[in-house]
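Novice: Have a look; sequence and predicted model below, questions after that.
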Amino acid sequence: MLQRLLLLLTLLALSLSASADSLQFGQRVATPQGRYAERVLSSATLPGTAPPVRVDMAINASLGAEAFSISAQRQRLRITGGDARGLIYGALEARDQLRNGTRIDRLSARSHTPKQAFRGIKLNTPWDSYRPSSALDQHTATMKDPRFWEAYLDMMVENRFNAFTLWTMHPFTYMVRPTNFPEASTWTDAEFAQWQQLYRSIFRMAKERGLDTYVVFWSIFVSEAFQKVHKPGAKNFYPHYYVEGDTSDVTRRYLRESVTQMLLEYPDLDGIGVSHGEGMAGMTPLQRQQFVDEVYIAGALEANKTRPVKLIHRVPFSSGLGSDPGVSTSVESLTRAAMEKLGNQFSGPIWVEMKFNWSHGHSTPKLVKVHGGQLGDTYFKPTPTNYRVVWQVRNEDFFALRWGDPAFIREHIALNGQADHAGGYFVGSETYIPALDYFTAPGQGVPWRWAFERQWLFYKLWGRLLYDPATPDAVFAAEFTRRYGPAGAQLFKAYALVSETPLQLARLYDSRWDFTLYAEGLLALQGETTKYIGVDALIAQPPMDPAYVSIKDFVQAQQAGQSFTSSQITPLAVADRLHARANEALALIKGNDARKAPDDGLRQEVADVAIWAHLALHLEAKIRGAIELQRLRTVGVEAHRQAALQHLTVALAQWDEVIRLSRPLYQDMRLTHYNHNAFEANPNNRFHWALIRDEVALDLEVARNAKTP
């Protein structure tokens with residue numbers, strides 16, 4: 001009897017968890033993308049399947065670009081893509097359902113069509129990086145590792161990104177030996193062969209995953225070897241980047257031919273991205289546009305005679321003679337005319353990239369400004385015919401702590417991604433490369449290898465919601481459960497609550513270019529130096545979001561007896577919201593015993609929620625203390641000093657809690673922002689919350705010594 005029972009249990013176990021060997025592919029799509037879709041599906045375990053499952057894959061263009069449908073009946077599964085990319089997405093959708101425990105004969109019939117045409121990631125290389133910094137240099141070995149690229153590109157397609165943009169100040173000598181300018185390259189044959197193999201493997205793997213690829217560069221830069229031979233007079237090579245433009249004939253020919261040669265020698269590379277900003281000082285906007293047209297775009301169009309080429313055109317840039325940012329209607333009109341003159345010579349629409357809210361897109365979902373200031377409607381009206389605007393939502397604000405606020409992303413898309421001129425989004429950073437994990441303290445057994453794997457939720461939310469903003473939260477919550485079991489069930493909601501913390505700071509504290517705000521560290525560029533946002537800086541700084549009221553204006557209005565409209569957001573309202581969301585998140589993770597997890601991944605996830613929550617409570621107390629301090633300075637009542645000290649004491653205690661939670665998990669981390677306002681790299685650039693505690697504590701001294709009127 002016992003033996004019979006054991007046999008039945010064994011058969012039941014086998015029927016509930018058959019391996020992917022049970023898949024039998026019938027109708028196939030014999031392309032690299034079709035084979036990748038098969039590999040994706042084969043990586044899943046098939047719960048509840050005893051007999052083999054027949055899988056049929058097909059392309060049906062009537063579904064539309066990047067769309068897919070899934071149908072399952074008994075032991076048959078059919079995945080149809082509107083194109084090769086849609087086929088991969090269909091395989092991923094089926095795999096995800098299987099991973100989450102759905103029987104293959106009960107897979108939900110799904111049909112999806114993308115809502116944003118361009119869903120890109122911006123990734124800088126550490127070689128010839130835009131800004132010299134050891135925080136960037138440290139990734140070189142990692143980004144030469146093909147295993148990194150395979151994992152990174154898998155992540156992109158899993159999350160429905162479709163455009164991979166690789167940014168290098170001067171990429172050409174890493175990719176080609178310029179035929180007519182061999183002196184520009186100093187690589188040995190063996191070294192150059194390694195670079196070629198790396199780039200070719202990146203673009204090949206991207207192509208089989210259905211990703212469009214772009215090489216994006218700045219202007220006007222050459223290799224140092226080229227400069228030494230031709231001596232054009234400007235230091236247009238790494239690490240110099242705010243320099244005079246070199247428009248000599250030899251430089252023009254070198255760059256134009258390099259663009260053409262690169263596109264012809266790398267057929268899996270889809271296109272280029274052009275800029276007309278840095279490396280063009282001393283040139284008028286018209287001269288910059290002419291250089292871009294006559295050199296980079298002419299080089300791409302020469303290659304376009306042989307193979308299709310796609311184009312990203314970055315706007316807006318300087319309206320003066322310097323490299324400093326600036327916007328103007330005349331420059332916008334000039335640039336729009338130049339793009340429209342190209343007609344439809346490039347493959348698909350020209351993607352016109354704009355930085356959303358300058359370098360700090362993770363702030364307010366309202367478009368306040370772009371690179372250089374407030375944007376007019378020149379690029380939007382009338383609706384363009386040959387280009388579409390893609391918003392670059394830069395992240396220079398949080399690198400170590402995990403982030404995930406789906407409501408912010410959905411609102412962003414609703415406000416900015418639905419217009420006729422809109423084509424999609426980039427996400428990515430200038431001052432951070434998500435390759436080497438330089439965050440995790442030694443001695444921890446974590447289930448990831450690369451930095452981007454730590455931040456899986458960030459990429460999953462942006463990618464999946466750009467594909468379909470209606471993707472339910474249950475999809476993301478299920479991923480936490482799949483990774484961490486029942487202990488992960490509340491984490492998604494907790495992250496959604498606390499991930500508003502850096503957004504609130506960025507809305508309340510206006511910022512501009514890359515180094516001007518680092519929200520997870522409460523650092524900002526103040527004068528020439530990056531440092532902790534002290535209470536005086538918080539009082540004086542105007543907000544980015546026009547609906548927000550600064551602390552200084554709030555106190556002044558109160559003293560004058562003025563009221564606020566329902567559309568205005570006061571500092572006290574921000575403090576109340578931070579308080580409520582932080583405490584709700586802490587309640588959600590209370591009792592989550594991550595020590596019982598098989599590795600330290602869950603412990604890190606829970607700790608990040610707690611760290612964000614205590615940063616929120618720190619900022620809440622700081623705002624309240626700043627209000628009381630400003631009242632003291634305005635009306636001179638000593639009770640306000642005591643109130644300010646009480647709040648700022650709480651703020652310091654919350655900072656100490658951040659240190660207590662983060663110190664065992666995070667090592668001191670290199671930070672490009674610590675270059676300050678200089679163009680040179682700063683070797684003394686380590687950040688940890690513990691390292692700036694003395695700066696935080698200074699707020700109490702400021703309050704104690706504050707003068708009354």
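Specialist: It's in. Residues are numbered from 1 along each chain as shown.
Novice: ranges for the strands of the stretch 51-200 of the chain?
Specialist: Shown for the stretch 51-200 of the chain, the strands assigned by DSSP state E, counting those that start in this stretch span residues 53-59, 68-73, 76-81, 110-112, 118-124, 163-167.
Novice: now the angle between strand 118-124 and the last one, please.
Specialist: Yep, that's strand 163-167 we're talking about. What separates the directions of strand 163-167 and strand 118-124 is an angle of 20 degrees, with axes from the mean of the first three to the mean of the last three Cα atoms, to 10 degrees.
Novice: ok, strand 163-167: who's next to it in the sheet?
Specialist: For strand 163-167, the paired strands and their directions (DSSP bridges) are strand 118-124 (parallel), strand 212-216 (parallel).
Novice: Going by neighbour count, list what's buried in the helix or strand following the last one.
Specialist: By that I understand strand 212-216. Heading C-terminal from strand 212-216, the first helix or strand you meet, by DSSP states H and E, is helix 224-230. Going by neighbour count (16 or more other Cβ atoms under 10 Å), the buried part of helix 224-230 is 224-227, 230. Placement of C-beta: from N, CA and C, glycine included.
Novice: Quick one: list the elements packing against helix 224-230.
Specialist: Contact here means 3 or more Cβ pairs under 8 Å, 6 or more residues apart in numbering; DSSP states H and E; on that basis helix 224-230 packs against helix 249-265.
Novice: and of the buried residues of helix 224-230, the nearest to L255?
Specialist: Distance ranking of these against L255, using Cβ to Cβ, places F226 first at 9.7 Å.
Novice: ok, the closest one - contacts?
Specialist: Going by Cβ atoms under 8 Å, 6 or more residues apart in numbering, F226 touches 173, 181, 183-184, 237, 251, 254.
Novice: Show me the strands in the stretch 451-600 of the chain, by range?
Specialist: Using DSSP E, counting those that start in this stretch, the strands of the stretch 451-600 of the chain run over residues 523-526, 529-532.
Novice: Could you spell out the sheet neighbours of the last one, each with its direction?
Specialist: This points to strand 529-532. Taking DSSP bridges as the criterion, strand 529-532 sits next to strand 523-526 (antiparallel) in its sheet.
Novice: Report the mean per-residue pLDDT for the partner strand.
Specialist: This predicted structure assigns strand 523-526 an average pLDDT of 98.
Novice: same question, stretch 190-201
Specialist: Taken as a whole, stretch 190-201 has an average pLDDT of 98.
Novice: which residues are in contact with it?
Specialist: Outside stretch 190-201, the residues within contact range by Cβ under 8 Å, 6+ apart are 144, 146, 149, 174-175, 177, 185, 187, 266, 268.
Novice: and if you look at stretch 140-159?
Specialist: Outside stretch 140-159, the residues that touch it by Cβ under 8 Å, 6+ apart are 88, 92, 121, 123, 125-127, 164, 194, 198, 201-202, 205-206, 209-211, 433, 435-436, 449-450, 452-453, 456, 459-460, 462-464.
Novice: okay, the buried residues of helix 224-230 in a markdown table with distance to R670 and pLDDT next?
Specialist: Supplementary listing: the buried residues of helix 224-230 in a markdown table, determined by distance: Cβ to Cβ, whole Å; pLDDT from 0 to 100:
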| residue | distance to R670 | pLDDT |
| --- | --- | --- |
| E224 | 24 | 95 |
| A225 | 28 | 96 |
| F226 | 30 | 96 |
| Q227 | 28 | 95 |
| H230 | 35 | 94 |
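Novice: Out of these, the closest to E302 would be?
Specialist: Comparing the buried residues of helix 224-230 against E302 with Cβ to Cβ places F226 closest, at 20.1 Å.
Novice: For the stretch 51-200 of the chain, just list every one of the helices.
Specialist: In the stretch 51-200 of the chain, the segments counted as helices under DSSP state H, counting those that start in this stretch are 84-99, 134-137, 140-143, 146-158, 172-175, 189-208.
Novice: Which secondary structure state does V446 sit in?
Specialist: Per DSSP: H, G, I helix; E, B strand; the rest coil, the secondary structure class of V446 is coil.
Novice: hmm, back to that, what's the most buried one of the strands of the stretch 451-600 of the chain?
Specialist: Comparing the strands of the stretch 451-600 of the chain by mean neighbour count (mean count of other Cβ atoms under 10 Å), strand 523-526 comes out on top with a mean of 21.
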